[in-house]
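S.K.: with the input below, show me the fold.
(chains A, B, C and D)
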Protein chains: 2
Amino acid sequence: MPESLPPLNALKAFEAAARLGSVTLAAQELSVTHGAVSRQIRALEAHFETSLFERAGRGLVLSRHGRQLQAGVSEAFTVLRASCRALSRDIEDAPFTLACPGSLLARWLIPRLDRLHRELPALRLNVLASDGEPDPGRNDISAALAFIAPPWPSDRQVIEIAAETIGAVAAPDIAARLTGRPVEALLEETILETASRPQAWPQWGQARGVEREALTRARQAGQSFEHLYYLLEAALAGLGVAIAPRLVIEGDLKSGRLVAPWGFVETDARLCLLLARGTPRHSGEALAAWLRHELTAPA
Amino acid sequence: MPESLPPLNALKAFEAAARLGSVTLAAQELSVTHGAVSRQIRALEAHFETSLFERAGRGLVLSRHGRQLQAGVSEAFTVLRASCRALSRDIEDAPFTLACPGSLLARWLIPRLDRLHRELPALRLNVLASDGEPDPGRNDISAALAFIAPPWPSDRQVIEIAAETIGAVAAPDIAARLTGRPVEALLEETILETASRPQAWPQWGQARGVEREALTRARQAGQSFEHLYYLLEAALAGLGVAIAPRLVIEGDLKSGRLVAPWGFVETDARLCLLLARGTPRHSGEALAAWLRHELTAPA
DNA sequence: ATGGTAATGTGAGTTTTTCTCAAGTGTCAT
DNA sequence: ATGACACTTGAGAAAAACTCACATTACCAT
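M.R.: Purely as a prediction, here's the structure:
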């Protein structure tokens, strides 16, 4: 059972003092007072029951035992410093891998990736689509972008980016029949939704005052898709009225390929960045700041 | 300026946990609770902003970064353990060098050296005569044996062995003229003393009730020697009456070569073992215990 | 010599770190 | 399910480390 190590902080003080030949200089290097270093060295001498330095008037000189100890300790500390430094560099240089729902990735993030790379080059961002679960169990993912509703998971850091707004959207030909008419007109159309967000229509409906029962019946008569991506393709193809986060379809609204006859409502969900364990906080904050800016900018 | 070392105690906990693959086992090895080790590892992960272990259900597995760190750290700790262990061994095995006043060495210690070596073989004792200063400035001396009066030096450990007793002694032919007579008979003899203990005669005289002035005059008429060793040779040669510690002349008393007509008195001085800086306390205590035993034993 | 400077050593009190205890959570095996 | 086991975590206690101020010692220039 390897034990029998001397107090390590005392060794650190000794190593510095031995290398610099001075308690005072060692104290400066370690950012403490000389008294602290002096005490640590005494503690080490007490541990070994020997004197490590000869007190030579104004300065210190290593004793025979001190020299012997320094040989091993300085070698060990050099190794330690080198490997810790190497690890820090590797961590610093590691690419930041962001998992992102496929639809958001394709429709919102990818068009902005070039600018993101230009404005945050140090991040060395990789993106990949996370279909299904928003939570990165995989080890090589630094963070995940996802719409999640409270309560947020407590086992990883969560950075809030923006509120989610959702709305009913449809291709222009369908929308033409709805614009300007009361919300109930919706019930005459084919309702499209995703299995992953069963609360989306009810939430929107409540905010817009659609009768709950009627909406449920209309949904049952409509169609459900596995992913938001397919839902949006269906809406674009004119199959019916879909419910979708504004963010994802922003481009489609602008180009006129989709229209939201009754606008958008805010939900309790938020667009969040979920940091994986061990992802540097500042990297996550940098990305979050960029995302926020990009969302509020007129662009 | 080499700095940028992670917290060393956290590294120690990490090293043990990585080597043993378990927080609990590491805690046992380090003699702390598993909670403490867990925290230290978290601190290290926070330092590097990465996760060093994958929490694999019931146990821990090193992550990629953890493995990278372990490589360097375990090497460094191996070096550290080896060199500290080597130093401890060297210190443990180092011979114990005792400085001792020449007269005490020759007349008391040397006759007992053989037994001392036999009874304390682990001490690996060397002895050398320290003429003059009782204080070992020399680096290769582990301890010094000396009669010293309070106050004792505060800058080194002092172990008290026994009270000093001194007495007036003379060769048998002189002593024959004194034995049985009052102390004042002393004043008619040649007084011998050492320059190194000018207080010896006055102390003895006061205890025995000799008039101070008369004694001072007698001393001025007598002879002073540089060392106790010469003083005793003079006494043995019948040059006069000497004052000497009982311990030093014990052998001479026993053999009848010296006689103490009025016995011995205790002084405020003590036979002490002065430990040099860095001498293991237990070595000093062992020697002191042996010396005490030898002094009180009938032998 | 004498005073100035520069270094280490140390006593007392405070701050910071680390540890323990106890409860919480998740996993595995029966 | 249930118990055993292992890691995590919050709060308070214990221990270590640090700072401050002063003491001590040696060197050096005047």
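S.K.: my read: residue A:14 touches residue A:39, true?
M.R.: No: under the criterion of C-beta atoms under 8 Å, residue A:14 makes no contact with residue A:39, lying 11.6 Å away. All C-beta spots, glycine's among them, are computed from the backbone N, C-alpha and C.
S.K.: so between these two, which is more surrounded?
M.R.: residue A:14 (27 against 14; other C-beta atoms under 10 Å in any protein chain shown).
S.K.: what's the helix or strand for the more buried one?
M.R.: helix A:8-20 (DSSP states H and E).
S.K.: and that helix with DNA strand D, contact?
M.R.: Yes: contact of helix A:8-20 with DNA strand D (C-beta under 7 Å from any atom of the strand) involves A:9-10, A:13.
S.K.: of these - the most surrounded one?
M.R.: residue A:13 (26 neighbours).
S.K.: hey, what's the spatially closest residue to residue A:109 that is not a sequence neighbour bridged with?
M.R.: Closest residue in space to residue A:109, ignoring its immediate chain neighbours: residue A:100 at 5.8 Å, by C-beta to C-beta, 6 or more residues apart in numbering or on different chains. Beta-bridge partners for residue A:100, by DSSP bridges, are residue A:129.
S.K.: pretty sure residue A:100 contacts residue A:141?
M.R.: No: here residue A:100 does not reach residue A:141: they are 10.3 Å apart, not a contact under C-beta under 8 Å.
S.K.: that older thread, the residue nearest to residue A:109: neighbouring residues, count only.
M.R.: 20.
S.K.: so which elements touch the helix holding residue A:14?
M.R.: helix A:23-30, helix A:34-48, helix A:64-93, helix B:8-20 (3 or more C-beta pairs under 8 Å, 6 or more residues apart in numbering or on different chains; DSSP states H and E).
S.K.: give the other helices and strands that the helix or strand that the second one is followed by contacts.
M.R.: Spelled out, it's helix A:34-48. Moving toward the C-terminus from helix A:34-48, the next helix or strand (DSSP H and E) is strand A:53-56. On a contact count with 3+ C-beta pairs under 8 Å, 6+ apart, strand A:53-56 meets strand A:59-62.
S.K.: do the strand it packs on and DNA strand D meet?
M.R.: No: using C-beta under 7 Å from any atom of the strand, strand A:59-62 stays clear of DNA strand D, with a minimum separation of 8.2 Å.
S.K.: next, give phi and psi for the residue of chain A at minimum distance from DNA strand D.
M.R.: In chain A, the residue that lies nearest DNA strand D is residue A:57 (2.6 Å; C-beta to the nearest atom of the strand). Phi and psi for residue A:57, reported as degrees, to the nearest 10, are phi 60, psi -110.
S.K.: now residue A:241
M.R.: phi -100, psi 130.
S.K.: how near is the nearest residue to residue A:257 once chain neighbours are set aside to residue B:37?
M.R.: Counting by C-beta to C-beta, 6+ apart, the nearest residue to residue A:257 once its immediate chain neighbours are dropped is residue A:236, at 5.9 Å. Note on residue A:236: its distance to residue B:37, by C-beta to C-beta, to the nearest Å, is 56 Å.
S.K.: neighbour count: these two, which is higher?
M.R.: Ranked by neighbour count (other C-beta under 10 Å), residue A:236 and residue B:37 place residue B:37 first, with 25 against 16.
S.K.: dump the residue contacts of the more buried one.
M.R.: B:13, B:16-17, B:23, B:26-27, B:30 (C-beta atoms under 8 Å, 6 or more residues apart in numbering or on different chains).
S.K.: most neighbours, which of the residues you listed?
M.R.: residue B:17 (29 neighbours).
S.K.: which residues touch it?
M.R.: By C-beta under 8 Å, 6+ apart, the neighbours of residue B:17 are B:23, B:25-26, B:37, B:41, B:53, B:60.
S.K.: now the strands for the stretch 101-250 of chain A?
M.R.: Secondary structure of the stretch 101-250 of chain A (DSSP state E, counting those that start in this stretch): strands at A:125-129, A:143-148, A:158-169, A:191-194, A:223-225, A:241-245.
S.K.: quick one: which of these is nearest residue B:149?
M.R.: Nearest to residue B:149, of all the strands of the stretch 101-250 of chain A, is strand A:158-169, at 74.9 Å by C-beta to C-beta.
S.K.: deepest in the core, which of the helices and strands packed on helix A:8-20 is it.
M.R.: helix B:8-20 (a mean of 22; mean count of other C-beta atoms under 10 Å in any protein chain shown).
S.K.: hmm, it touching DNA strand C?
M.R.: Yes: against DNA strand C, helix B:8-20 shows contacts by C-beta under 7 Å from any atom of the strand at B:9-10, B:13.
S.K.: just give me how far that helix sits from the chain centre.
M.R.: With C-alpha atoms, centre = their mean, to the nearest Å as the basis, helix B:8-20 stands 38 Å off its chain's centre.
S.K.: just the C-alpha atoms of that helix, please, in CSV.
M.R.: C-alpha atoms of helix B:8-20 as CSV (Å, rounded to 0.1, in the frame of the first residue of the first chain):
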residue,chain,number,x,y,z
LEU,B,8,-1.1,18.7,-4.9
ASN,B,9,-3.3,17.1,-2.4
ALA,B,10,-6.0,16.7,-5.0
LEU,B,11,-3.4,15.1,-7.2
LYS,B,12,-2.6,12.7,-4.4
ALA,B,13,-6.2,11.7,-4.1
PHE,B,14,-6.5,11.4,-7.8
GLU,B,15,-3.4,9.3,-8.1
ALA,B,16,-4.6,6.8,-5.5
ALA,B,17,-8.1,6.6,-6.9
ALA,B,18,-6.8,6.1,-10.4
ARG,B,19,-4.4,3.5,-9.3
LEU,B,20,-6.9,1.6,-7.2
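S.K.: to residue B:167, which of the helices and strands packed on helix A:8-20 lies closest?
M.R.: Nearest to residue B:167, of those and by C-beta to C-beta, is helix A:34-48 at 41.4 Å.
S.K.: whether that closest one contacts DNA strand C - can you check?
M.R.: Yes: counting by C-beta under 7 Å from any atom of the strand, DNA strand C is contacted by helix A:34-48 at A:34-35, A:38-39, A:41-42.
S.K.: let's see the pLDDT reported for the most far-flung residue of chain A relative to its centre.
M.R.: Of all residues in chain A, residue A:57 has its C-alpha farthest from the mean position, at 56.7 Å, by C-alpha atoms, centre = their mean. As predicted, residue A:57 sits at a pLDDT of 72.
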